[in-house]
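Visitor: Could you look at this predicted model? Sequence included:
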Amino acid sequence: MNRNKVWMSVALAMLLVACKSTPIAPAKVEDKSVGTPAATADQNANGSDTNGIKEVNIDSNANGNDGNPLRDPNNILSKRNIYFDYDSDAVKAEFRPLVEAHAKYLVAHKDAKVVLQGNTDERGTREYNVSLGQRRSVAVKKALNLLGVQDTQIETVSYGEEKAAQNCADENCFQQNRRVDIVYGNE
Amino acid sequence: MMKAFNRVLSILLFLFNILLMNSAHAALEIEISGGSAQQIPIAILPFAETSGVATNEMIHQIVAADLKSSGLFRVLDTSGMANLPTTSAQIKYPQWVALQAQAMAVGHVDSLGGGRIKVTFQLMDVLKQTQLIGMDYQIAPTQVRSTAHKIADAIYEKLIGTPGAFGSRIAYINKVGKRYTLQVADADGYNPQNVVSSNEPIISPAWSPDGSKMAYVSFEKKKPIVYVQSLSTGERKVLANYKGNNSAPAWSPDGSKLAIVLTYGANSQIYTISANGENLQQVTKSSAIDTEPVFSPDGQFIYFSSDRGGKPQIYKVPVSGGSPTRVTFDGAYNVSPHFSPDGRYLSYIRNDGGRFRVALQDLSNGQVQLLSEGSQDESPSFSPNGRVILYATKVRGRGALATVSADGKVRQRLSESSGDVREPAWAPLAKQ
């Protein structure tokens, strides 16, 4: 019986899309900044009509090594993930070279900016995990600060558990979620 | 062959569905378990339809489902009874006494012309043969479901002594594939409406006290930003977009301001900001995590989660700032405080040996009861009448909603047929 009800609801949901008017007006998430046409939330949608032509720019090959050390797979600067132990915000020794390399780059490129995105595994409440992820991004920021990087070049944010692989069954999986991602401003 | 059969089957089910259910389908399937030891036996009789306006909704079934879901009523089977009355004058009491009904509801639906209908109902005391309630509602046919919930609320209030919450609404995030949608539905899961949707996460929906607006956190700009959105117009505004995180919105009881959590370049700290986005004031000043703020119903304090003492516990601080005092002492890890509407109880999430469960603390004596049985339960919120707590749980790895009565005796699970449901919030009051 229950199964049938679910079935019917699914069938109904699929086929009966437009229902009657309601007091709630759904809003599309959109960029309200001046000059930007209303779009859905999904900012990566390129609104321009390309007539089916995909542009290739020989100066910056998005596939990899374009001379930019940040994207050179052989350069440590292309490594962007710092992993953490459970319930810890300590930057482990094995990630020291990675942090130092990014610090050196940021000190040499004062106009470069990074966002440090903290993440946690899915255990615990969502908002508390946002705060735990933040603690990890702050720990990486402090490490960069000690190596001479200015606060104005760094923003620390957190996704909490929102980017975590769900339903982890073991520590190996959980550990992949406990990390800080380094994202440069133009990426 | 099988495909063709499935196709025919789905069309048949669809037609059957239309015949039976109308468009206000339930997105959330309800499963009820447990019940009060002393349930009130009640008969809810089919309402006579003389209106000629097909409502496609069986009022008595909606009323019966509401009352049953509370666990406080035993709805009697009347299918075998001859002569089902639709007004009190038609009731032959001995047959209902024999069925052991204490109360019975009868009613009818009549046309008022111009597409409007009148729903009349009476609640009768079967033993005293007296009328407990007599009401009529003049409505449009589309308001039949909400009217049925009002009838259930009236019956509940008369027989239990506290207002019902069947006419109230809930909000939650439904994740289908990679799409996050904030939805609002009736408390029984019917009539889901989309409020906002995005391919980036949406968390922490919070109702304004008058039920007209919702604050929430959206990651659409690759970082948490707090928005406030009008439900009726869809107009949405950025409430807080400062450097770092902007999260965990909670409304003050008068709706004039919100508590939010900002980080700038450090750990989460609690601030207040007026509902129009002005007058930002810092409330907590620590190097620890201070988050998940909620106002006490008297508007004097902000309760919040903090690891300032090592492990996370719940603290309170005057809204104007000052030094926080600790509220939870039992258990090594307590987060996510939420108040009962009368301010007597605090519900929160306890890490109970690796299981995250809903706890209920009586603030007058500090006694704590663990109410939920899951291992990843989150986001407790009270029904407007304070009798039931709604929370998020996991069923076979997928997010689902569940409720538990504040006495722990009655449980319900509301699961979505297609999505992953999380972050529920019960609307503060019934609003139609």
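Guide: That came through fine. Bear in mind the structure is a predicted one, so any value in this text is a computation, not a measurement.
Visitor: Helix, strand or coil: sort out residue 163 for me.
Guide: I'll assume chain A. Following DSSP: H, G, I helix; E, B strand; the rest coil, the label given to A:K163 is coil.
Visitor: Spit out the contact partners of it.
Guide: A:119, A:177 (C-beta atoms under 8 Å, 6 or more residues apart in numbering or on different chains). Any C-beta I mention is one placed from the backbone N, CA and C, and that applies to glycine too.
Visitor: let's see it at 7 Å
Guide: A:N119 (C-beta atoms under 7 Å, 6 or more residues apart in numbering or on different chains).
Visitor: Ok, B:K158 next?
Guide: B:K158 neighbours (C-beta under 7 Å, 6+ apart): B:123, B:132-133.
Visitor: Distance check, it against B:Q193.
Guide: 30 Å (C-beta to C-beta, to the nearest Å).
Visitor: wait, isn't B:Q300 in contact with B:V317?
Guide: No: taking contacts as C-beta atoms under 7 Å, B:Q300 lies outside contact range of B:V317: 10.3 Å.
Visitor: Just the pLDDT for the residue in the stretch 201-350 of chain B positioned nearest to chain A.
Guide: Closest residue of the stretch 201-350 of chain B to chain A, C-beta to the nearest C-beta: B:G234 (3.5 Å). Looking at B:G234, its pLDDT stands at 94.
Visitor: That one belongs to a helix?
Guide: No: counting by three-state DSSP, B:G234 falls outside a helix, being coil.
Visitor: Show me which helix or strand of chain B is least confident by mean pLDDT.
Guide: In chain B, no helix or strand scores lower on mean pLDDT, DSSP states H and E than helix B:2-21, which sits at a mean of 45.
Visitor: just the helices in chain A please.
Guide: A:2-15, A:96-108, A:126-146, A:171-177 (DSSP state H).
Visitor: related to what we said a few turns ago, out of B:Q300 and B:V317, which sits in the more crowded spot?
Guide: A side-by-side neighbour count of B:Q300 and B:V317, using other C-beta atoms under 10 Å in any protein chain shown, places B:V317 first with 20 against 13.
Visitor: residues in contact with that one?
Guide: So B:V317 contacts B:283-284, B:301-302, B:324 (C-beta under 7 Å, 6+ apart).
Visitor: which pair in those spans the largest distance?
Guide: Maximum pairwise distance among these (C-beta to C-beta): 12.2 Å, between B:T284 and B:F301.
Visitor: and these two? which has more neighbours close in?
Guide: The neighbour comparison of B:T284 against B:F301 (other C-beta under 10 Å) goes to B:T284, with 25 against 21.
Visitor: where does the more buried one land on pLDDT?
Guide: pLDDT, B:T284: 98.
Visitor: what sits against it?
Guide: B:269-270, B:290, B:317, B:324.
Visitor: One more pass at 10 Å, please.
Guide: B:259, B:261, B:268-271, B:290-291, B:293, B:302, B:304, B:306, B:308, B:315, B:317, B:321-324 (C-beta atoms under 10 Å, 6 or more residues apart in numbering or on different chains).
Visitor: Now name the helix or strand holding it.
Guide: B:T284 belongs to no helix or strand when assigned by DSSP states H and E.
Visitor: Distance across stretch B:162-182, terminal residue to terminal residue?
Guide: Stretch B:162-182 has an end-to-end distance of 30 Å (criterion: C-alpha to C-alpha, to the nearest Å).
Visitor: Indicate whether it makes contact with chain A.
Guide: Yes: Stretch B:162-182 lies within reach of chain A by C-beta under 10 Å from any C-beta of the partner chain, at B:169, B:173, B:175, B:178-182.
Visitor: Serialize those residues to JSON lines and add fields for neighbour count and pLDDT.
Guide: As requested, the residues of stretch B:162-182 next to chain A are exported to JSON lines (neighbours: other C-beta atoms under 10 Å in any protein chain shown; pLDDT from 0 to 100):
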{"residue": "B:R169", "neighbour count": "24", "pLDDT": "95"}
{"residue": "B:I173", "neighbour count": "28", "pLDDT": "97"}
{"residue": "B:K175", "neighbour count": "19", "pLDDT": "94"}
{"residue": "B:K178", "neighbour count": "9", "pLDDT": "92"}
{"residue": "B:R179", "neighbour count": "14", "pLDDT": "95"}
{"residue": "B:Y180", "neighbour count": "27", "pLDDT": "96"}
{"residue": "B:T181", "neighbour count": "18", "pLDDT": "96"}
{"residue": "B:L182", "neighbour count": "26", "pLDDT": "97"}
